[in-house]
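Fold the following.
(2 chains)
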Number of protein chains: 2
Amino acid sequence: MKVLLVYAHPEPKSLNGSLKDFAVKRLEAAGHQVRVSDLYAMNWKASLDADDSPGRPADSRFNPSLDSKRAFEEGRQSQDIALEQEKLLWADAVILQFPLWWFSMPAILKGWVERVYAYGFAYGVGEHSDARWGNRYGEGTLAGKRAMLIVTAGGWESHYSPRGINGPIDDVLFPIQHGVLFYPGFDVLPPFVIYRTSRMDEDRFSTTCDALGQRLDDLWKTAPIPFRPQNAGAYDIPQLTLRAEITSDQSGFAAHVRWSERDAPSEASKSYANP
Amino acid sequence: MKVLLVYAHPEPKSLNGSLKDFAVKRLEAAGHQVRVSDLYAMNWKASLDADDSPGRPADSRFNPSLDSKRAFEEGRQSQDIALEQEKLLWADAVILQFPLWWFSMPAILKGWVERVYAYGFAYGVGEHSDARWGNRYGEGTLAGKRAMLIVTAGGWESHYSPRGINGPIDDVLFPIQHGVLFYPGFDVLPPFVIYRTSRMDEDRFSTTCDALGQRLDDLWKTAPIPFRPQNAGAYDIPQLTLRAEITSDQSGFAAHVRWSERDAPSEASKSYANP
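Okay, here's the model as predicted:
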């Protein structure tokens, strides 16, 4: 299979750099083809701006969304953007690997999402009307592919537990896993999260690699997070709120995950990180 | 009073640009001093890297956190970083204004946070031990100042409602309001959110400006979101989980907001956006 690893850390000799090298080797040893987008090494342009839509009338207002649409349709996108889109289309699975900085991905990776996720490619796909709100959240250009996060965090696991001060890790990652990955169609696997990175010795690094290696070996076997698809009946359209009969007592991020009936009562405390 | 507006949109003639101009005028007309960090106009460097800590040994590993600490302590930070820190110290109130792109702030603003929020300035402040976990979440360098978000979103308000498909706006913004603003000490005011930005005509723009103007007039009167301070007894240290007696039936982001006893039973559906 083909795996794209999008990697965002400025120091090759960091924990993240070592884990990236380990992941590439493990995947290649299993016979997969691997491509790496090492954003810092590529000097990736982080900020979306008018230069991303070359050839637009110089005196016109720049509209990030509409100019992205026109550039994508007319084949006028920046070369670096088009190349990343090609890699996404090539891949069977995409891994985003990054340190959690201020409870989200590093700016350089956020800018990869903003620039590569063009209108017509990752959003604005399919029919948009009051009866159908596009192919997204479970459908879209990247449907049928798998995605997974590898995330390092300085804080302790308890700080990201259901009652931890930073918020539950599932909720912290929801805007990425649901909003960035499920949105254009990916099946999103549970994330691989490493906590308390300042306390990493050789033994723990070895244990961590074993666990990560297992996750990589299981990339095509692991059950995805059961996010609810937008267009399969769970949502009223165009309001896009959960229909009254769907977990009617629930709200918030967790309500958009469809656990089995059996699990439903304990849903609030259920986590999908590091299963 | 003194207001810093940190603004992230690439097009001056956009809705965001017009709202920014309106906000500056309204604040100045009320007698406040206003400084604007217009990140796109400043060509702000978005990606945190070793160049942000000039003077470090060339052959050493770059450690984003420790190199930030040393550069801050030794006065070796990049000039652009030091200047933004000076603006933050100068201000009585800070407004972050941005379009919601992929359920978070634009990369250029995320990179402002990552680079300006140095170790020793915005984190790693105060005593760190197993009994005391630093001055953060309600305490810190920026305590006593107010902060507020002005956010535009393409989606409908219902899409960000308690059962909306994108997740509740309070939860979408929690990593920013709690994790970026409350963390170094800001009192965080309810956000000003404008939905469905593609449907903005003159009438709606005028109504929107009226509402925003009122929020700016009330900048020193509006009650902050009652996030729970870390060091006032609600959390066990060092686990940093809510103590058993604190809203024991709750988990998730909302549990870190201290609504009044009277409001507690309906906490799950309470929102602080656009009050």
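
Can you list phi and psi of the most centrally placed residue in chain A for me?
Taking C-alpha atoms, centre = their mean, the centroid of chain A lies closest to A:L181, which sits 3.9 Å from it. When read as degrees, to the nearest 10, the backbone of A:L181 gives phi -100, psi -50.

Can you give me every residue that contacts it?
Contacts of A:L181 were listed using C-beta atoms under 8 Å, 6 or more residues apart in numbering or on different chains, and they are A:L96, A:A147, A:V188. The way it works is simple: take the backbone N, C-alpha and C, and place the C-beta from them, glycine included.

Same list, those residues, but as a markdown table with secondary structure and distance to chain B please.
As requested, those are arranged in a markdown table below (DSSP: H, G, I helix; E, B strand; the rest coil; distance: C-beta to the nearest C-beta, whole Å):
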| residue | secondary structure | distance to chain B |
| --- | --- | --- |
| A:L96 | strand | 12 |
| A:A147 | strand | 14 |
| A:V188 | strand | 14 |
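
Name the member of the residues you listed with the shortest distance to A:K13.
A:L96 (20.9 Å; C-beta to C-beta).

Go ahead and confirm the closest one touches A:L173.
No: in this structure, A:L96 is not within contact of A:L173 by C-beta atoms under 8 Å, at 10.4 Å.

shared neighbours of those two, anything?
The contact sets of A:L96 and A:L173 overlap at A:L149 (C-beta under 8 Å, 6+ apart).

okay, those two: which has more neighbours?
Per other C-beta atoms under 10 Å in any protein chain shown, whichever of A:L96 and A:L173 has more neighbours is A:L173, with 30 against 24.

Setting the sequence-adjacent residues aside, check what's closest to the more buried one.
A:P191 (5.9 Å; C-beta to C-beta, 6 or more residues apart in numbering or on different chains).

now swap in A:M42 and tell me
Counting by C-beta to C-beta, 6+ apart, the nearest residue to A:M42 once its immediate chain neighbours are dropped is A:D80, at 7.8 Å.

ok, now A:P175?
Counting by C-beta to C-beta, 6+ apart, the nearest residue to A:P175 once its immediate chain neighbours are dropped is B:F103, at 3.8 Å.

List the residues that contact that neighbour.
Neighbour list for B:F103: A:P175, A:I176, A:G179, A:V180, B:N166, B:G167, B:V172 [criterion: C-beta under 8 Å, 6+ apart].

pretty sure the fifth one contacts B:S158?
Translated: B:N166. No: contact criterion C-beta under 8 Å: B:N166 and B:S158 do not qualify, at 9.7 Å.

Comparing these two, which residue is more hemmed in?
Taking neighbours as other C-beta under 10 Å, B:N166 and B:S158 compare with B:N166 leading, 25 against 18.

re the thing from before, could you say which helix or strand holds the residue nearest to A:M42?
helix A:79-90 (DSSP states H and E).

Would you mind putting the CA coordinates of that helix into CSV?
The C-alpha trace of helix A:79-90 is given here as CSV (Å, rounded to 0.1, in the frame of the first residue of the first chain):
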residue,chain,number,x,y,z
GLN,A,79,3.2,24.1,-7.8
ASP,A,80,3.8,23.2,-4.2
ILE,A,81,0.1,23.0,-3.6
ALA,A,82,-0.6,20.8,-6.7
LEU,A,83,2.2,18.5,-5.7
GLU,A,84,0.8,17.9,-2.2
GLN,A,85,-2.7,17.2,-3.7
GLU,A,86,-1.1,14.7,-6.0
LYS,A,87,0.5,12.9,-3.0
LEU,A,88,-2.9,12.8,-1.2
LEU,A,89,-4.5,11.3,-4.3
TRP,A,90,-1.7,8.8,-4.6
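
Now that helix: buried residues?
Buried positions in helix A:79-90, judged by neighbour count with 16 or more other C-beta atoms under 10 Å in any protein chain shown: A:D80, A:I81, A:A82, A:E84, A:Q85, A:K87, A:L88.

same deal with stretch A:60-71?
Per 16+ other C-beta under 10 Å, stretch A:60-71 contains these buried residues: A:F62, A:N63, A:P64, A:D67, A:S68, A:K69, A:R70, A:A71.

biggest separation within these, which pair?
A:F62 and A:K69 (12.6 Å).

coming back round to it: return the closest of the buried residues of stretch A:60-71 with respect to A:D49.
Nearest to A:D49 among the buried residues of stretch A:60-71: A:F62, at 7.2 Å, using C-beta to C-beta.

re earlier: how much space between the residue nearest to the centre of chain A and chain B?
Distance of A:L181 to chain B, computed by C-beta to the nearest C-beta, to the nearest Å: 10 Å.

Return every residue with contacts to both of B:N166 and B:S158.
Taking C-beta under 8 Å, 6+ apart as the contact rule, B:N166 and B:S158 both touch A:L240.

which regions of chain A sit below the pLDDT cut-off?
Applying pLDDT under 70 to chain A picks out residues A:260-275.

just the helices in it please.
Listed in chain order, the helices of chain A (DSSP state H) span residues A:15-29, A:64-73, A:79-90, A:107-116, A:169-176, A:202-217.

Distance to B:G124 added to those helices, as a markdown table?
Converted to a markdown table, these look like this (distance: least, C-beta to C-beta, whole Å):
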| stretch | distance to B:G124 |
| --- | --- |
| helix A:15-29 | 19 |
| helix A:64-73 | 35 |
| helix A:79-90 | 34 |
| helix A:107-116 | 20 |
| helix A:169-176 | 20 |
| helix A:202-217 | 23 |
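
How about the contacts made by the closest residue to A:S65 other than its chain neighbours?
Distances taken as C-beta to C-beta, 6+ apart place A:Y119 nearest to A:S65, at 5.4 Å, with adjacent residues excluded. By C-beta under 8 Å, 6+ apart, the residues touching A:Y119 are A:S65, A:L66, A:S68, A:K69, A:F72.

Strands of the stretch 151-275 of chain A, residue ranges please.
Along the stretch 151-275 of chain A, the stretches classed as strands by DSSP state E, counting those that start in this stretch are A:187-188, A:192-194, A:235-236, A:241-242.

Which one, of those, ends up nearest to A:V113?
When those are compared by C-beta to C-beta, strand A:187-188 sits nearest A:V113, at 14.3 Å.

follow-up on the earlier one: now, among the contacts of A:Y119, which is nearest to chain B?
A:S65 (7.2 Å; C-beta to the nearest C-beta).

Brilliant, that's me finished.
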